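Student: Sharing a model that was predicted from the sequence below.
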Amino acid sequence: MSDPQKTLIRGASPLGGEPRDLLLDGGVIAQTGAGGTLGAAGATVVEADGLILLPGLVDLHTHLREPGREDSETVLTGTRAAAAGGYTAVHAMANTFPVADTAGVVEQVWRLGRESGYCDVQPVGAVTVGLEGKQLAELGAMHDSAAGVRIFSDDGKCVDDAVIMRRALEYVKAFGGVVAQHAQEPRLTEGAQMNEGVVSAELGLGGWPAVAEESVIARDVLLAAHVGSRLHICHVSTAGSVEIIRWAKSKGWDVTAEVTPHHLLLTDELVRSYDPVYKVNPPLRTEEDVLALRAALADGTLDCVATDHAPHPHEDKDCEWGAAAMGMVGLETALSVVQHTMVETGLLDWAGVADRMSSRPAAIGRLRGQGRPLAQGEPANLVLADPAYRGVVDPAGFASRSRNTPYAGRELPGRVTHTFLRGRATVVDGAVV
Amino acid sequence: MQRHLTSAADLSRDDALMILDTAEELARVADRPIKKLPTLRGRTVVNLFFEDSTRTRISFEAAAKRLSADVINFSAKGSSVSKGESLKDTALTLEAMGADAVVIRHHDSGAPHRLATSGWIGGSVVNAGDGTHEHPTQALLDAFTLRRHLAGGPGGSPVRQAGVTDPLPGDGTGRDLAGRRITIVGDVLHSRVARSNVHLLTTLGAEVTLVAPPTLVPVGVERWPCEVSYALDPVLPESDAVMMLRVQRERMNAAFFPTEREYARRYGLGGDRMARMPGHAVVLHPGPMNRGMEITAEVADSGRCTAVEQVANGVSIRMAVLYLLLGGAGPAVTAPAAPTTRTEENA
């Protein structure tokens, strides 16, 4: 009988390097050695020849939908999807029903995450009551709760009032928090349906101009510098935003930013189909933006990849464009999209992937035990991926309750074969267990 | 021809000419004592209107009825749609009722495309105006009207000639609009008529110039196959036709222009401006007109304004479109059963 708490990973390539053996025991990496040197000694053996070993992925931006929209996702189904995608920690966004703007709601989400057991769930708290942008939510209470909230965001809505944004940035300094801004100037995006440009002009769909994102980011990096606070920018989608963030970082300001997998791959040309599976906020941009985002992720201007996993029930996408909900699921395809857009283009190596999808997001969220080095004594939050795999995305096989993926039928490289959460396998041979 | 008509951009020059020529043929039916053909007998055409548009709906209704189709009018107001029924379920309902063609007017850009490509229905889809995207049958009737006036004279010349007062439009069968300069004036940003016309008129060989204040031109227009001018006066002497778009007065509340009066002064078409157009040039308006806003009564009521003709041409065009999408193979117009006997009126 093998000890379920004990696993020997044999011959994996840590960060794409030389084959190593790792013995997982007691929730940590108990022992490491050169490939083929460690004995099994009653452990479950995972033959990992040709598989890349990475620290478990960390998502800063996940919509788990519970409480309130359990028809699209629950904490349980969402964390199963996260595990399937190689994630060992996700940050649950606050735009639930009710909104996660009190200690009670964030503790509920946190508790559901603990009960699921597939992935650590770190709730994000709303910046303002009801995401209304008017009155600060009890940020301190959410931080002091069992959920220990450190990231605050009104994601889905922009904290557009400059004074409210300034106060939030200042206030969270008391407990090391960070405000994650959904940068969208509301007046410039009234009725917005897609990126404003050549394609929107032809399709007659309301434009969401790049300047509506960039102007808010410009304001907020200046505010963060003025009050000496930490700022995080959600789902950066334009080349202009990259320039502003690059400038802010060159000043030494404490600004971080994320990019979604879909903004690294897809463009607004896809909207010509009027298929709402491509409807997302911020919208798909142009090829020029995609290339600028990739370059910025490679050079570190953009700190990390965050999925903005946004599940929606079928009926909210099986309709005309204008009536459709915005958002895409992303947890189960993120690593494949990053391999496709960043690794196979030579922009990032696997160590870079580990940095952008695990270490840096864990650092931004100040998560303990996540995004750690692959070294003896570290928590065994790990993912094994097969980079040689080629397959067509089939939403029917998703662990998520929702199927609104823009990649259905598209061939993407790579596959998560195993995920370990503190030494316990949550995914074995590509299947959630 | 494809099975659906959702965008004027999908029409090749040959497709467009086939529709225009068929419409010429069908227009002659309107001159018969009995304005009805048996062509689409037993076929069902549904007018599915999610937006109020009496003019467009009755035009399609008249077209279908003249071809003997059964017509069902489905208005979203007061129907299951207002109770939250989705476009999909509405479509499945129409499909179950055996709709051969669905003429759809919808407030969302792309809704007809979605209906045509989703697999929800098997019949043909005709776009009767979607959001701020397209209105292909309007562009076709505009092209038809333009062709009659600008290529309906001897040898394909304009019918308006010096010394002739308000001549009748000619028959432009077989001709396109090569080299004709068409100016479209007004709220291009929100206009489905402008988008469809830019595609179709360009396909037919015309040179299109859009005239509007910069606020009412979409970002991205630089990739359209046309010119853009922010001033009307320099363009008028070069125009073979000027198409005035309806401008909603409410737009000024969103700061697209300061006041109605300023808009009318800078972009409205009055008698003075009309006088700067070449003698053969005509004025089009898709209706309904805002008299005193984009067009003065003097111009609207002049012999150079084709607005009323456009309404009549709309029926012929929609007959042609329904016939080509639904019937297609046989001749559109069969000879009347009894040979027409000319009554001697001046006996």
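Tutor: Good, I have the coordinates.
Student: Neighbouring strands - and their directions - for the one helix or strand A:Val416 maps to?
Tutor: Element membership of A:Val416, judged by DSSP states H and E, is strand A:411-421. Looking at strand A:411-421 with DSSP bridges, its paired strands and their directions are strand A:382-392 (antiparallel), strand A:424-428 (antiparallel).
Student: Determine how far the helix or strand following the shortest one lies from the middle of the whole chain.
Tutor: Past strand A:424-428, heading to the C-terminal end, the next element that is a helix or strand (DSSP H and E) is strand A:431-432. A distance of 20 Å separates the centroid of the chain from that of strand A:431-432, by CA atoms, centre = their mean, to the nearest Å.
Student: Over to B:Asn47: give its phi and psi.
Tutor: According to degrees, to the nearest 10, the main-chain angles of B:Asn47 amount to phi -90, psi 100.
Student: That one and chain A, how far apart?
Tutor: 18 Å (CB to the nearest CB, to the nearest Å). For glycine as for every other residue, the C-beta is placed from the backbone atoms N, C-alpha and C.
Student: re the thing from before, tell me the average confidence for the strand holding A:Val416?
Tutor: Here strand A:411-421 scores 98 as its mean pLDDT.
Student: sorry, back to before: so can I have a markdown table of the strands paired with strand A:411-421 showing mean pLDDT and mean neighbour count?
Tutor: Below are these laid out as a markdown table (pLDDT from 0 to 100; neighbours: other CB atoms under 10 Å in any protein chain shown):
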| stretch | mean pLDDT | mean neighbour count |
| --- | --- | --- |
| strand A:382-392 | 98 | 19 |
| strand A:424-428 | 97 | 21 |
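Student: Quick one: those strands as JSON lines, columns for distance to A:Leu347 too.
Tutor: JSON lines is the format used below for those (distance: least, CB to CB, whole Å):
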{"stretch": "strand A:382-392", "distance to A:Leu347": "15"}
{"stretch": "strand A:424-428", "distance to A:Leu347": "27"}
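Student: So which of those is nearest A:Thr307?
Tutor: strand A:382-392 (14.4 Å; CB to CB).
Student: residues in contact with that closest one?
Tutor: Defining contact as CB atoms under 8 Å, 6 or more residues apart in numbering or on different chains, one finds that strand A:382-392 is touched by A:9, A:12, A:22, A:24, A:29, A:46, A:48, A:50-57, A:86-88, A:335, A:339, A:343, A:374, A:409-420.
Student: ok, now how distant is B:Gly327 from chain A?
Tutor: 28 Å.
Student: Identify the residue nearest that residue in space, chain neighbours excluded?
Tutor: Excluding its sequence neighbours, the residue lying closest to B:Gly327 (CB to CB, 6 or more residues apart in numbering or on different chains) is B:Thr39, at 5.4 Å.
Student: got the phi/psi numbers for B:Thr93?
Tutor: Main-chain torsions, B:Thr93, degrees, to the nearest 10: phi -60, psi -50.
Student: A:Ala92 now?
Tutor: Phi and psi for A:Ala92, reported as degrees, to the nearest 10, are phi -90, psi 120.
Student: Kindly provide the distance from it to A:Thr74.
Tutor: As judged by CB to CB, to the nearest Å, A:Ala92 and A:Thr74 stand 11 Å apart.
Student: quick one: which of those two has more around it?
Tutor: Legend: neighbour count by other CB atoms under 10 Å in any protein chain shown for A:Ala92 and A:Thr74, higher for A:Ala92 (27 against 20).
Student: contacting residues around the more buried one?
Tutor: A:Thr62, A:His63, A:Leu64, A:Val75, A:Gly78, A:Ala100, A:Val109, A:Gly113, A:Val121, A:Gln122, A:Pro123, A:Val124.
Student: near chain B, which of the residues you listed show up?
Tutor: Applying CB under 8 Å from any CB of the partner chain, the subset of those adjacent to chain B is empty.
Student: Next one, pLDDT for B:Ser59 please.
Tutor: 97.
Student: A:Val242 too?
Tutor: At A:Val242, the predicted lDDT confidence score is 98.
Student: any chance you could map the strands in the stretch 1-150 of chain A?
Tutor: Along the stretch 1-150 of chain A, the segments classed as strands by DSSP state E, counting those that start in this stretch run A:3-14, A:20-25, A:28-34, A:43-47, A:52-55, A:57-62, A:87-92, A:120-123.
Student: Take these and write them to CSV, including mean pLDDT.
Tutor: Below are the strands of the stretch 1-150 of chain A laid out as CSV (pLDDT from 0 to 100):
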stretch, mean pLDDT
strand A:3-14, 90
strand A:20-25, 97
strand A:28-34, 96
strand A:43-47, 96
strand A:52-55, 98
strand A:57-62, 98
strand A:87-92, 98
strand A:120-123, 98
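Student: Show residues contacting stretch B:252-259.
Tutor: Surrounding stretch B:252-259, the residues in contact under the criterion CB under 8 Å, 6+ apart are B:Asp187, B:Leu189, B:Pro213, B:Thr215, B:Leu216, B:Arg251, B:Glu260, B:Tyr263.
Student: Show me which residues of the stretch 51-200 of chain A are close to chain B?
Tutor: Within reach of chain B by CB under 8 Å from any CB, the stretch 51-200 of chain A has these residues: A:Gln193, A:Glu196, A:Gly197, A:Val198, A:Val199, A:Ser200.
Student: Kindly present those as CSV, with separate columns for secondary structure.
Tutor: Formatted as CSV, these follow (DSSP: H, G, I helix; E, B strand; the rest coil):
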residue, secondary structure
A:Gln193, coil
A:Glu196, coil
A:Gly197, coil
A:Val198, helix
A:Val199, helix
A:Ser200, helix
